[in-house]
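Engineer: This is a predicted model, with the sequence first.
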Amino acid sequence: MVLQRIFRAVIMGPPGSGKGTVSERIIKSFGLQHLSSGDILRRNIEAKTELGLLLKACIDQGQLVPDDVMSRLIFRDLRALGQSSWLLDGFPRTVSQAEALDDAFVVDTVVNLDVPFDIIKQRLTCRWTHLPSGRVYNTDFNPPQVHGFDDLTGEPLVQREDDLPETVTRRLKSYENQTEPVLEYYRSKGVLESFSGTETNKIWPHIEAFLHRKLPSINENVA
Ligand SMILES: Nc1nc2c(ncn2[C@@H]2O[C@H](COP(=O)(O)OP(=O)(O)O)[C@@H](O)[C@H]2O)c(=O)[nH]1
Ligand SMILES: Nc1ncnc2c1ncn2[C@@H]1O[C@H](COP(=O)(O)OP(=O)(O)O)[C@@H](O)[C@H]1O
């Protein structure tokens, strides 16, 4: 994989729209570093620190983590990536986060997954997650080889507590109120590219083609 210049992308979409699934494909095909805000938060919760308890309370209620706490965590990890190209998944989720990101980095493109809410609700009840890596499975769409265990490490998978139906409803409300304005923010800057559909496998070829056009200087990863 040969990268000619630094490329920074954001992937957005409501909870369950396939951000993690598509991110995995993008990093495999284009070799970007991947940073997921949800994965960072869940790792902090696993560490059972005082901060982890605060984060868990927000997430389990389907609320966003306060902007200042989230930004501190994400910028620490972004700075650690130095001069690499990256794909940011789950951040920004508020206009204030988007402005903070703009102050620190140039965002080249924003990939938005536009998936209907009724499809999402059904997906999330079947989501199984490998917490240490953030790999996601679905009992319908991409089941693990052995039920309940991660394909690569053999470690157990968990169902996220915030994937309970009533919490999903709250997360979708918070998406509409707090995150949809971020789409308008990026649209007005001319960097938003939306992909609509109900199946990741049908949306993916369009995203792949778009990124190939956007990144003519990046060779596809053959590893
Ligand atoms: N049925 C179905 N499930 C999907 C599809 N794409 C992703 N999923 C599953 O839907 C759930 C949510 O996807 P995920 O990538 O975690 O979405 P995110 O919350 O936006 O990061 C996971 O269990 C995925 O395996 C699809 O096209 N069809
Ligand atoms: N940028 C963010 N700002 C505030 N809270 C966040 C952010 N990213 C994630 N969270 C919190 O973590 C939860 C899980 O996020 P994530 O794993 O990205 O969910 P999903 O992949 O289902 O959209 C969110 O519901 C929210 O409570």
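Structural biologist: Cool, the structure landed. Note that this is a predicted model, so its numbers are computed, not measured. Ligands and ions are numbered 1, 2, ... in the order given.

Engineer: and Pro146, how far is that from Gly154?
Structural biologist: Not Pro; residue 146 is Val. Taking CB to CB, to the nearest Å as the measure, Val146 falls 8 Å from Gly154. Quick note: C-beta positions are derived from backbone N, CA and C, even for glycine.

Engineer: And for Ile203?
Structural biologist: Distance from Ile203 to Gly154, by CB to CB: 30 Å.

Engineer: Now do the helices in this protein.
Structural biologist: 19-30, 37-46, 50-60, 67-80, 95-104, 117-124, 165-174, 180-189, 200-214 (DSSP state H).

Engineer: Dump these to JSON lines, plus mean neighbour count and mean pLDDT.
Structural biologist: Formatted as JSON lines, these follow (neighbours: other CB atoms under 10 Å; pLDDT from 0 to 100):
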{"stretch": "helix 19-30", "mean neighbour count": "19", "mean pLDDT": "96"}
{"stretch": "helix 37-46", "mean neighbour count": "19", "mean pLDDT": "94"}
{"stretch": "helix 50-60", "mean neighbour count": "15", "mean pLDDT": "95"}
{"stretch": "helix 67-80", "mean neighbour count": "16", "mean pLDDT": "96"}
{"stretch": "helix 95-104", "mean neighbour count": "16", "mean pLDDT": "97"}
{"stretch": "helix 117-124", "mean neighbour count": "16", "mean pLDDT": "92"}
{"stretch": "helix 165-174", "mean neighbour count": "16", "mean pLDDT": "94"}
{"stretch": "helix 180-189", "mean neighbour count": "15", "mean pLDDT": "98"}
{"stretch": "helix 200-214", "mean neighbour count": "15", "mean pLDDT": "96"}
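
Engineer: Redo these as TSV? Include distance to Thr139.
Structural biologist: Below are the helices of the chain laid out as TSV (distance: least, CB to CB, whole Å):
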stretch	distance to Thr139
helix 19-30	14
helix 37-46	20
helix 50-60	22
helix 67-80	30
helix 95-104	32
helix 117-124	10
helix 165-174	16
helix 180-189	29
helix 200-214	15
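
Engineer: Adding distance to ligand 1, write those out as CSV.
Structural biologist: Converted to CSV, these look like this (distance: least, CB to the nearest ligand atom, whole Å):
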stretch, distance to ligand 1
helix 19-30, 3
helix 37-46, 7
helix 50-60, 13
helix 67-80, 16
helix 95-104, 17
helix 117-124, 4
helix 165-174, 9
helix 180-189, 14
helix 200-214, 3
